[in-house]
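>>> Give me a model of this one.
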Amino acid sequence: MTFYRKAAACAGAGSAAMFLTVSLSVPAAAHGSMTDPVSRVSACYAEGVESPQSAACKAAVAASGKQAFYDWNAVNIANAAGRSKQIIPDGKLCSAANEKYRGLDLPRADWPSTKMSAGGHTFHYKGTAPHKGSFALYITKDSYDPTKPLKWSDLEAKPFVEVADPKMENGDYVFRGDVPARSYRADRRPRHAPPCPHPSTTPCATRPAHPPDPPSPR
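Alright, predicted model coming up:
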């Protein structure tokens, strides 16, 4: 049987954060996660579930358990049918209100993130069960505080990228979009981030390794 499933992902972009919704007609199996910018679950899986490196991923694994990160490609909710805001409450956006992934909702300023600048960017979403569907990317407002639970009101009202049926390249959905400029907040910059060449406009952070291929079913 085929179901319409909505996937969710929170990705770091320096001092800002991005929230991705993906609507796909897929089997009940999981179907992937954002890798550029890297999602929280993808980053922690890439670090190594048994011995994550970053403080944020260590805390997330402690909160959710290891299996949640071995199942990194399953952060989704069935039959959302455009009702994400009604189904997913504030503070649960990154887990898609799935208790299994509660560690992804931890409010922290040190989540692994991707160095990005305002302007054109090529986005990658690892698709482990490719199907046609649509993608929408939202970015947080300048007022967003990553040390507090992420709320719907922290996001800009409209997505800055919307795309239907993007192309597949080497197992990734690939699409282009223009990243909005965000104000730089020194107090919200991850401690591990390198200096910013243009701190007034460019959020900076390190980019973790690309997640390896998904593991065999457990």
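
>>> For Val163, the count of nearby residues, please.
A total of 18 residues lie near Val163 under the criterion other C-beta atoms under 10 Å. Every C-beta, even on glycine, is put in place using the N, C-alpha and C of the backbone.

>>> Which of the three states applies to it?
strand (DSSP: H, G, I helix; E, B strand; the rest coil).

>>> Surely it and Tyr125 touch.
No: Val163 is beyond contact range of Tyr125, at 10.2 Å (criterion: C-beta atoms under 8 Å).

>>> Quickly list what's touching both of the two.
Here Val163 and Tyr125 have Phe135 as joint contacts, going by C-beta atoms under 8 Å, 6 or more residues apart in numbering.

>>> In CSV, please show the C-alpha coordinates belonging to the longest helix anywhere in the chain.
Taking DSSP state H as the criterion, the chain has its longest helix at helix 55-64. What follows is helix 55-64, C-alpha atoms only, in CSV (Å, rounded to 0.1, in the frame of the first residue of the first chain):
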residue,chain,number,x,y,z
ALA,A,55,28.3,18.0,22.3
ALA,A,56,24.9,18.5,20.5
CYS,A,57,24.9,15.0,18.9
LYS,A,58,26.0,13.4,22.2
ALA,A,59,23.1,15.0,23.9
ALA,A,60,20.7,14.0,21.1
VAL,A,61,21.7,10.4,21.2
ALA,A,62,21.5,10.3,25.0
ALA,A,63,17.9,11.7,24.7
SER,A,64,16.7,9.6,21.8
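
>>> buried set for that helix?
Neighbour counts over helix 55-64 (16 or more other C-beta atoms under 10 Å) mark Ala56, Cys57, Ala59, Ala60, Val61, Ser64 as buried.

>>> now those as JSON lines including pLDDT?
Output for these, formatted as JSON lines (pLDDT from 0 to 100):
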{"residue": "Ala56", "pLDDT": "97"}
{"residue": "Cys57", "pLDDT": "98"}
{"residue": "Ala59", "pLDDT": "98"}
{"residue": "Ala60", "pLDDT": "98"}
{"residue": "Val61", "pLDDT": "98"}
{"residue": "Ser64", "pLDDT": "98"}
